[in-house]
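Q: Sequence isn't available, so here's the structure alone:
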């Protein structure tokens, strides 16, 4: 067996000494990374960051990212801790609608192949920086599944991160839940019926990815008399961030916007 054959056999044998870690980097403020997140990012042989497929240069995944290149939110957040020569972009069809589209599936497959190429080139500790938490509406889960389909022996781990709802609650001074109150988190893509049902319940409701669906969310808030209670956050931790009441006139929201509707509370300790 030649040396090339031995390397190929080792690569396909399972990569049991390789770890791919999804690292939550918070909503955008570099100061919100945990100590563990900073350590894992610092120790990784390569750090992958997601980017919208239509923003990626054709050679974006082939080598280090140019310092002046346009960056996504996760990339901008980790640049405080990771040198550009260890960063690699993975394009994803983040704005696709309609479930598992061909474009979305192809992006997952292409990203997994890039990760596997890094493994075959010798990387043993790989990190994927994801906004918020890697186990909450994150692309990391799809990437991890796709990588393990190619290299079943790769170990997958995650480092939790501060979520947008926690940052918005902290910045707006709004408790997320008290006493016996439930907390409902849902994406606007789940539809207005789920949002309406959650609003009618006894707890706090948080909606991610309002974006194009903001007018419908606003109409339901008004219908249920909850508009004055709601808090909206967009571009958290970034230049141009907005945190405050829901504005009837504001419809041009970024994809990563957060709507927080606190539970109705009439007196201190009323939900204990």
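A: Received the coordinates, thanks. Just so you know, these numbers come straight off a predicted model, no measurement behind them.
Q: isn't there a strand covering residue 98?
A: No: Residue 98: not assigned to a strand; according to DSSP: H, G, I helix; E, B strand; the rest coil it is coil.
Q: Just the pLDDT for it.
A: Predicted confidence (pLDDT) for residue 98: 73.
Q: what do you get for residue 15?
A: pLDDT at residue 15 comes out at 67.
Q: so what's residue 17 up against?
A: Neighbouring residues of residue 17 by C-beta atoms under 8 Å, 6 or more residues apart in numbering: residue 124. Using the backbone N, CA and C atoms, a C-beta is placed for each residue, glycine as well.
Q: repeat that for 10 Å
A: Residues near residue 17 by C-beta atoms under 10 Å, 6 or more residues apart in numbering: 10, 119, 124, 125, 153, 154, 155.
Q: The last one is in contact with residue 21, isn't it?
A: Translated: residue 155. Yes: counting by C-beta atoms under 10 Å, residue 21 is a contact partner of residue 155 at 8.8 Å.
Q: on that earlier part again, from the contacts of residue 17, which would you call buried?
A: By neighbour count, with 16 or more other C-beta atoms under 10 Å, the contacts of residue 17 hold 119, 154 as buried.
Q: Strands - which of the contacts of residue 17 land there?
A: Using DSSP state E, the subset of the contacts of residue 17 located in strands is 125, 155.
Q: Put together TSV for the contacts of residue 17, with pLDDT and distance to residue 216 on each row.
A: TSV is the format used below for the contacts of residue 17 (pLDDT from 0 to 100; distance: C-beta to C-beta, whole Å):
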residue	pLDDT	distance to residue 216
10	46	53
119	97	44
124	97	47
125	98	44
153	96	45
154	97	41
155	98	42
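Q: Farthest-apart pair in the contacts of residue 17, please.
A: Longest distance between any two of the contacts of residue 17 is 17.2 Å, between 10 and 125; criterion C-beta to C-beta.
Q: thought residue 39 was touching residue 125?
A: No: contact status for residue 39 versus residue 125: not in contact, 11.3 Å apart, counting by C-beta under 10 Å.
Q: coming back round to it: mind putting the contacts of residue 17 into TSV with distance to residue 109?
A: TSV is the format used below for those (distance: C-beta to C-beta, whole Å):
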residue	distance to residue 109
10	23
119	16
124	23
125	23
153	19
154	16
155	21
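Q: just curious, which of the contacts of residue 17 is nearest to residue 176?
A: Distance ranking of these against residue 176, using C-beta to C-beta, places residue 155 first at 32.7 Å.
Q: And for the nearest residue to residue 21 once chain neighbours are set aside, the neighbour number?
A: Nearest in space to residue 21, with sequence neighbours left out and distances taken as C-beta to C-beta, 6 or more residues apart in numbering, is residue 157 at 4.6 Å. With neighbours defined by other C-beta atoms under 10 Å, the count for residue 157 comes to 13.
Q: thought residue 157 was touching residue 18?
A: No: using C-beta under 10 Å, residue 157 is not in contact with residue 18, being 11.1 Å away.
Q: Show me the strands in the stretch 151-272 of the chain, by range?
A: Counting by DSSP state E, counting those that start in this stretch, the stretch 151-272 of the chain has strands at residues 155-159, 183-187, 204-208, 231-234, 242-245, 257-261.
Q: Quick one: these as TSV, columns for distance to residue 25 too.
A: Below are the strands of the stretch 151-272 of the chain laid out as TSV (distance: least, C-beta to C-beta, whole Å):
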stretch	distance to residue 25
strand 155-159	9
strand 183-187	19
strand 204-208	16
strand 231-234	17
strand 242-245	19
strand 257-261	16
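Q: what's the closest of these to residue 193?
A: strand 183-187 (10.7 Å).
Q: where's that closest one relative to the chain centroid, distance-wise?
A: Strand 183-187 has its average C-alpha position 15 Å from the chain's average C-alpha position, going by C-alpha atoms, centre = their mean, to the nearest Å.
Q: That strand pairs with which strands, and in what direction?
A: Next to strand 183-187 in the sheet, as set by DSSP bridges, lie strand 204-208 (parallel).
Q: Now do the buried residues in the strand it pairs with.
A: For strand 204-208, the neighbour count (16+ other C-beta under 10 Å) marks 204, 205, 206, 207, 208 as buried.
Q: Tell me the buried residues in the host helix or strand of residue 115?
A: Using DSSP states H and E, residue 115 sits in helix 102-120. For helix 102-120, a neighbour-count test (16+ other C-beta under 10 Å) marks 104, 107, 108, 111, 112, 114, 115, 116, 118, 119 as buried.
Q: Thank you, goodbye.
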